[in-house]
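# turn this into a model:
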Amino acid sequence: INVFSKFVWAEPVKRKTARDVTNAMRKILTKMSIAPRNCQTDLGKEFYNKEFRELMSKYKINHYSTYSSLKASVVERVNKTLKHLMWKRFSLQGNYKWIHMLQDLVHQYNNTKHRTIRLKPSQVNRNNAKKLLQTAFSHIKIIDPKCPKFKLHDYVRISKYREAFRKGYVPSWSTEIFKIRKINLTNPRTYLLEDQNGQEIQGAFYTEELQNAKYKDIYLVEKILRKKGNMVLVKWLGLDSSRNSWVKKNELI
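Next comes the predicted model:
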């Protein structure tokens, strides 16, 4: 879905494999008059693989994801609408076959007035785009690029998303500390991170999902694995086994 015009493209896939999803995306891109600059997906393996990456590179598309606990609400709303239209037809035809009707339903959606933009998605073009920004999207706050909450190379913790019945005493922020490697001037602003080894973290993070790390050089010990003289091999809390390290006994508190 084009989040500005609300115009939708859809292609059926038999399986959510890298090949099937990439082929479906290729069909969608050939239908577009202009390829998008950015494409946001979830973190599924059907999107993060060599085939999909090569397709994005071919069209010079910036493919990204976020680690947000919030789902892609725009896409979910479209899916809900299309499913609602499908069920109406299922009742009439007496079965659940839907592939033959998909493009017709998408056409119906694109030619129905959208509540947000007050136009049919198919009516949005370069001639009325500026007016649309001034009306339907006038409430959107423009980011001041000079005033980010976090700065480049700041050390931060990542939010652990609380589930419905998680106990209140469980820490809601990651034990591991990350460094901000890039600030995207998106709306809302997003941040790209790397770990302490310089390994880039996939996806982008919203401001609300990060917390300044006051003591970036302090780590909690999960357990001591081995001892050798005045050295100990430590498993650090919140870090995987690849981050185990030897430290001097007197460096532990």
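# which stretches of this structure form strands?
38-40, 62-64, 155-158, 178-184, 190-194, 205-206, 210-212, 221-228, 231-236, 245-248 (DSSP state E).
# which parts of the stretch 51-200 of the chain are helices?
73-93, 102-110, 126-135 (DSSP state H, counting those that start in this stretch).
# now render these as JSON lines, adding distance to residue 151 and mean neighbour count.
All C-beta spots, glycine's among them, are computed from the backbone N, C-alpha and C. Conversion of the helices of the stretch 51-200 of the chain to JSON lines gives the following (distance: least, Cβ to Cβ, whole Å; neighbours: other Cβ atoms under 10 Å):
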{"stretch": "helix 73-93", "distance to residue 151": "29", "mean neighbour count": "13"}
{"stretch": "helix 102-110", "distance to residue 151": "42", "mean neighbour count": "16"}
{"stretch": "helix 126-135", "distance to residue 151": "30", "mean neighbour count": "11"}
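# buried stuff in stretch 242-253?
Neighbour-count burial for stretch 242-253, counted by 16 or more other Cβ atoms under 10 Å, picks out residue 247.
# ugh, wrong one, stretch 11-26
For stretch 11-26, by 16+ other Cβ under 10 Å, it's 11, 18, 20, 21, 22, 24, 25.
# list the contacts for the first one?
By that I understand residue 11. 24, 25, 27, 28 (Cβ atoms under 8 Å, 6 or more residues apart in numbering).
# tell me the one among those nearest to residue 204.
residue 25 (20.1 Å; Cβ to Cβ).
# name the nearest residue to that closest one, sequence neighbours excluded.
residue 55 (6.2 Å; Cβ to Cβ, 6 or more residues apart in numbering).
# re earlier: save the contacts of residue 11 as TSV, and put in pLDDT and distance to residue 104 too.
Shown next, in TSV, are these (pLDDT from 0 to 100; distance: Cβ to Cβ, whole Å):
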residue	pLDDT	distance to residue 104
24	97	18
25	98	21
27	97	17
28	97	17
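# got a list of what the residue nearest to residue 113 when sequence neighbours are not counted touches?
Spatial nearest neighbour of residue 113, excluding adjacent residues (Cβ to Cβ, 6+ apart): residue 120 at 5.5 Å. Counting by Cβ under 8 Å, 6+ apart, residue 120 makes contact with 110, 111, 112, 113, 114.
# can I get the buried part of those as one ChimeraX selection?
This is the ChimeraX syntax for the buried subset of these, where burial follows 16+ other Cβ under 10 Å:
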select :110,114
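# distance to residue 1 and pLDDT added to the contacts of residue 120, as TSV?
Converted to TSV, the contacts of residue 120 look like this (distance: Cβ to Cβ, whole Å; pLDDT from 0 to 100):
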residue	distance to residue 1	pLDDT
110	10	97
111	15	97
112	14	95
113	16	94
114	11	92
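# between the contacts of residue 120, which sits nearest residue 196?
For the contacts of residue 120, the nearest to residue 196 is residue 114 (45.7 Å; Cβ to Cβ).
# for residue 150, see how far away the nearest residue to residue 132 once chain neighbours are set aside is.
Using Cβ to Cβ, 6+ apart and skipping the chain neighbours, the partner closest in space to residue 132 is residue 117 (6.0 Å). Per Cβ to Cβ, to the nearest Å, residue 117 is found 33 Å from residue 150.
# do residue 118 as well
Relative to residue 150, and taking Cβ to Cβ, residue 118 is found at 36 Å.
# so which of the two has more stuff around it?
Between residue 118 and residue 150, residue 150 has the larger neighbour count (other Cβ atoms under 10 Å), namely 17 against 11.
# the residue nearest to residue 132 is in contact with residue 129, isn't it?
No - assessed by Cβ atoms under 8 Å, residue 117 is found out of contact with residue 129, at 10.4 Å.
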